[in-house]
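Q: I would like to see how this sequence folds:
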Amino acid sequence: MKKGIFILVLLLVAITTNAQEIADNTIGIRLGNYNGIGPEVSYQKKISDNSRLEAGLSWRGHVNYNDVKLVGLYQRVFNFEPLEGMNWYVGAGGGVGFWNYNSGFYYYDNGRNKSNGVYFLAAGNGGVEYKFKFPLLVSFDVRPEFGFANFRKGLDVDVAIGARYTFN
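A: Numbers count the residues shown, from 1 in each chain. Predicted coordinates:
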């Protein structure tokens, strides 16, 4: 019952809250834990007064392992009333990734176990951001991702901070 009331209040706040002015374009970096695979180059494009698209390209590499992921998200942005310049946002989207693995790193394997592949994922996103008076936007967000392949199967949760340059 309490969960239902909380969700109802959250929806009412989301419907009645006007969005703060959001930047037309931002580009920067999102640094998360390795559940999201690693650092991400991020680009955001405003599509209305309170919504935007975000694209992120992330990678992780090792001597015997590489993973590259592209994620696209639709986000709704809402003003966080107590502080001017602060917003909160929620969104959803999906992505695709490419990986390869060469276990030849170990002396007894001689590179016999090699594999590669493609994976797909569905993602949610929620966080808070602060836009300074100069062209910098900082953010903290959580992105749960559900993978649909053997390599990245199931739920991973990526928690990250971001810094982006804003421009029009």
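Q: okay, now Arg30: neighbour count?
A: By other CB atoms under 10 Å, the residues close to Arg30 number 23. Quick note: C-beta positions are derived from backbone N, CA and C, even for glycine.
Q: scratch that, Gly91
A: Residues within reach of Gly91, counting by other CB under 10 Å, total 21.
Q: cool, and Asn116?
A: Neighbour count of Asn116, defined by other CB under 10 Å: 11.
Q: identify the bridge partners of it.
A: Legend: beta-bridge partners of Asn116 under DSSP bridges are Asn100.
Q: isn't it right up against Tyr101?
A: Yes: counting by CB atoms under 8 Å, Tyr101 is a contact partner of Asn116 at 7.0 Å.
Q: the most centrally placed residue in the chain: what secondary structure?
A: Closest to where the C-alpha atoms of the chain average out (CA atoms, centre = their mean) is Arg143, at 5.3 Å. At Arg143 the chain is in strand, as set by DSSP: H, G, I helix; E, B strand; the rest coil.
Q: thought it was touching Asp158?
A: Yes: look at Arg143 against Asp158 with CB under 8 Å: they come within range, at 4.6 Å.
Q: buried residues, the helix or strand hosting Asn87. List them.
A: Per DSSP states H and E, Asn87 falls inside strand 86-102. Using 16 or more other CB atoms under 10 Å as the test for burial, strand 86-102 gives Asn87, Trp88, Tyr89, Val90, Gly91, Gly93, Gly95, Gly97, Trp99, Tyr101, Asn102.
Q: for the helix or strand where Phe140 lies, which helices and strands make contact with it?
A: According to DSSP H and E, Phe140 maps onto strand 136-148. Judged by 3 or more CB pairs under 8 Å, 6 or more residues apart in numbering; DSSP states H and E, strand 136-148 is in contact with strand 25-32, strand 114-131, strand 153-167.
Q: buried set for the last one?
A: Using 16+ other CB under 10 Å as the burial criterion, the residues of strand 153-167 that qualify are Asp156, Asp158, Ala160, Gly162, Arg164, Thr166.
Q: for the residue nearest to Glu129 when sequence neighbours are not counted, give me the pLDDT.
A: Excluding its sequence neighbours, the residue lying closest to Glu129 (CB to CB, 6 or more residues apart in numbering) is Ser139, at 3.9 Å. pLDDT, Ser139: 97.
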